[in-house]
Structure formats: structure tokens, C-alpha cells
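Asks: Give me a model of this one.
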Amino acid sequence: MDKIGESTLFIDLSALEHNYRYLKSKIAPETKFLGVVKAFAYGSDMVVVAQKLESLGADYLAVAYAKEGVLLRKAGIEMPILVLHPQPVNFGEIIHHDLQPSLYSPKILREFLAEAKQRQLENFPVHIKFNTGLNRLGFWESDVDYIQQQLQGRNELKVISIFSHLAASEDENEREFSQTQISTFEKISKEIDQKLGYAPFRHMLNTSGIINYPEAQFEMVRSGIGLYGYGNDAQVDAELKPVATLKTVISQKHKIEPNESVGYNRSYKSDGYRITATLPLGHADGIGRQYGNGKTYVSIQGKKAPIIGNVCMDMIMIDVTDIDCSAGDEVVVFGKNCSAEDFAATASTISYEILTAISSRVKRVVIQ
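Replies: As a prediction, the model looks like this:
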């Protein structure tokens, strides 16, 4: 590969395919698979990832907001797209672009029904979300009768699925809580089937749920972070391949004398003669200030180089005293051999945050 010349996020579609097939191997052949591509496919490239998942035979995609689904439709994606957090102001776009909303509260259900009636829709597909313990979005179990009352005798909408979300599927210490969530959801599904007179398909499992609770896969599972190479568990991570690799280059090197400072607020002061390198990457690119001051490392020729001083808006400085390198040399921030999970952990956060933080000004390159 030629020298990159600038900060670049590489998106490996072969890694995506590997992760998809690994996760598919954990579920029954007849179980549907939904790929979560919200937040620009976890900071990578939403359209490219969606196209790949469509070609692999995934059954559904999920986005957070309507505008993400609209972008996919305009890019030619034809498969079903679930909008997880629709807002009433976007109901027209959802209908026009054949997106499928999650209806999660009495207000949202009433307003979408009104929109559907005004547009004279018939059996428009919707998904009903139930809150079983995450306490974020969703109807309560006690709302089943209300949902029936709103939909009874109406043909504008068709409930094609009901779903919920496990709160701690990766935490073995919370197994009892997760089992309670699953049992509650099973009870709700029986009530819904009885009240509606038909059985919508069901989905509850996220990536960690697929691994830890396969008995609750129902008719569909949803995977987000797992598709991108992270499974919230070291053993699972070993089976997956990171899709995104962030690389940058050395812009300049400096020789630093004892007690000389580096960066804003002089937060780093040398304890001896050191050599530093400046990289064209900063908090405006998604590398937050929490990664500075020796907490986090980047990699040059397989060797760790700590980030020193405060992270600047457009630059970070690293210590390369013991590394033979020059201006223009490649630097790996995270990727296959130094994972985003490890990088994030140095600042007490998670892979999701660093992946989705990489800004749009960082060049994307797709590896087929």
C-alpha cells in the first residue's frame, strides 16, 4: 500500500463479511438478521456498509433517525430499514421513503396513526417497542390494551414486529436481570398476539445477546458493534475482525531538552532529552482531550508511542525517543493489532465512542 499522506480511516469489507458470517453462525438458519448501520455505520461509511450487508443477504437494516434512512434510500438501498428513534416532524419522509418506524410511546403511536390516516395508507409496516428494563424508550407491558384500542378496526398500520432491548447482555453478573427481561418480553408477545389476532415477529438480542442468550433469538436478532469487530468480551473479540483502521502520518519531529514543555498549558514537561513527533489529528477529528497526557498510545512500526501533552484541535504530539522514524512515516491509531477497544479503555471509555467520534474530515478509504 502506498504511503497515506494524511489521516485516513480504512474500512475493510472483508472483515465486515467475516463478522457477519460469524454472528450468523450463532443463530438458527431461519432467524432473520438485522444489521445496525446508525451513526454512519459506527463511524465508518453507512452507504458502503449497507450495500455490503444487502449483498450478503441480511434481512434488515436499522438506523437511529429518519434522515439516515433517507440517505440510504437515495443511495439505492432497497431492503427494509427500521428507524429506531423516529420524530413526528419526519413522519412524512419515513412514509415517502418506505422506511419502517419504531413506535415507542402513546404520543408517537397516535401521531403516526394520524399521519397514516391523512395519507390514506393501508397496512403500512410499523414496529412496536416495549421497555422491559432498559428504561430508555418503549411502551410498558401495561400498554398492550391501549395499543389494541388504538389499532382496533383500523387498517392504516400493520404491526410487523415487536421488540425490546437487553440492558446488560454482556454482563454475566446481570444474567438474572436479563432473564427477567426475556421472560417479560415473552409474556408481552403472547398478549400482543392475542389482542391483535395475529403474531408479529419478535427481536430482542443485540450482539452480546446473540452470544450469551441464543435461546432468546426469537425470529430476528440485531447486531451493531459486533459487525464492526467488537463483541464486548475478549474471547468474542478474538473471533471478530475490526472493520475500521485509523492511520495518520508524522508531520514533524522535535528534539526536546530537559524541563522543556510540549503543547497547550505546558501540561507535559520533559524529564530529560526526548524526541517528539506531531501528528495531523486532534479532537476535531474525534481524538478527545481525555486521550492525552500519557494515557494513550499510538503505534509506529509496531512500537508504542505515548500521546503527550494536551490533545489539540488538529494535532497530537507523541514521544518517539526510542523509535526510529521520520516525517511522513505512517502511524496506526487503532485497528487490527491495536484495537479501538484497547485505545478507548485507556481513557475509561468504550470502542463505540471512539469509533463513532471519528469526524467526517478524516478521509475514508474502502478496502474491498
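
Asks: Could you use CA atoms for every contact and neighbour count after this?
Replies: Noted.

Asks: hmm, which helix or strand of the chain has the shakiest average pLDDT?
Replies: Counting by mean pLDDT, DSSP states H and E, the chain has its least confident helix or strand at helix 234-237, which shows a mean of 91.

Asks: what pairs with the next helix or strand along the chain from it, and is each one parallel or antiparallel?
Replies: Sequence-wise, the next helix or strand downstream of helix 234-237 (DSSP states H and E) is strand 244-249. Sheet pairing of strand 244-249 (DSSP bridges) gives strand 8-12 (antiparallel), strand 330-334 (antiparallel).

Asks: low-confidence ranges in the stretch 1-150 of the chain?
Replies: Low-confidence segments of the stretch 1-150 of the chain, defined by pLDDT under 70, span residues 1-2.

Asks: change it to 80
Replies: Scanning the stretch 1-150 of the chain for pLDDT under 80 picks out the ranges 1-3.

Asks: could you point out the longest helix in the chain?
Replies: helix 175-196 (DSSP state H).

Asks: which is the next helix or strand following that one?
Replies: strand 201-203.

Asks: Mean confidence (pLDDT) on that next one, please.
Replies: Here strand 201-203 scores 98 as its mean pLDDT.

Asks: and that strand, what does it pack onto?
Replies: Applying 3 or more C-alpha pairs under 8 Å, 6 or more residues apart in numbering; DSSP states H and E, one finds that strand 201-203 contacts strand 157-163, strand 220-223.

Asks: which residue packs closest to Pro86, ignoring adjacent ones?
Replies: Tyr65 (5.6 Å; C-alpha to C-alpha, 6 or more residues apart in numbering).

Asks: what sits against the closest residue to Leu99 other than its chain neighbours?
Replies: Distances taken as C-alpha to C-alpha, 6+ apart put Ile81 closest to Leu99, at 5.5 Å, once the chain neighbours are dropped. Contact partners of Ile81, counting by C-alpha atoms under 8 Å, 6 or more residues apart in numbering, are Tyr60, Leu61, Ala62, Val63, Gly69, Leu99, Gln100.

Asks: what separates the third one from Leu56, distance-wise?
Replies: Note on Ala62: its distance to Leu56, by C-alpha to C-alpha, to the nearest Å, is 16 Å.

Asks: Looking at the two, which is more packed in?
Replies: Applying other C-alpha atoms under 10 Å to Ala62 and Leu56 shows that Ala62 carries more neighbours, namely 25 against 12.

Asks: Could I get the full set of helices for this structure?
Replies: Under DSSP H, the chain gives helices at 13-24, 38-43, 46-56, 66-74, 91-96, 106-118, 144-151, 175-196, 207-212, 234-237, 340-345, 351-357.

Asks: Buried residues, the second one. List them.
Replies: Neighbour counts using 16 or more other C-alpha atoms under 10 Å place Lys38, Ala39, Phe40, Ala41, Tyr42, Gly43 of helix 38-43 among the buried residues.

Asks: Check the burial of the residue nearest to Gly92 when sequence neighbours are not counted by counting its neighbours.
Replies: Spatial nearest neighbour of Gly92, excluding adjacent residues (C-alpha to C-alpha, 6+ apart): Glu115 at 7.7 Å. Glu115: 17 surrounding residues under other C-alpha under 10 Å.

Asks: heads up, I number from 831, so please use that
Replies: Sounds good: first residue 831 from here, last item Glu945.

Asks: isn't Glu945 right next to Phe921, touching?
Replies: Yes - with contact defined as C-alpha atoms under 8 Å, Glu945 counts as touching Phe921 (7.3 Å).

Asks: how near is Ile938 to Asp973?
Replies: Counting by C-alpha to C-alpha - Ile938 and Asp973 are separated by 13 Å.

Asks: Out of the strands paired with strand 1074-1079, flag the one nearest Pro916.
Replies: strand 838-842 (28.1 Å; C-alpha to C-alpha).

Asks: now that closest one and helix 876-886, what's the angle there?
Replies: Angle, strand 838-842 to helix 876-886, by axes from the mean of the first three to the mean of the last three C-alpha atoms, to 10 degrees: 10 degrees.

Asks: got the contact list for His1033?
Replies: Ser991, Ile992, Phe993, Ser994, Gln1047, Phe1048, Glu1049, Met1050, Val1051, Arg1052.
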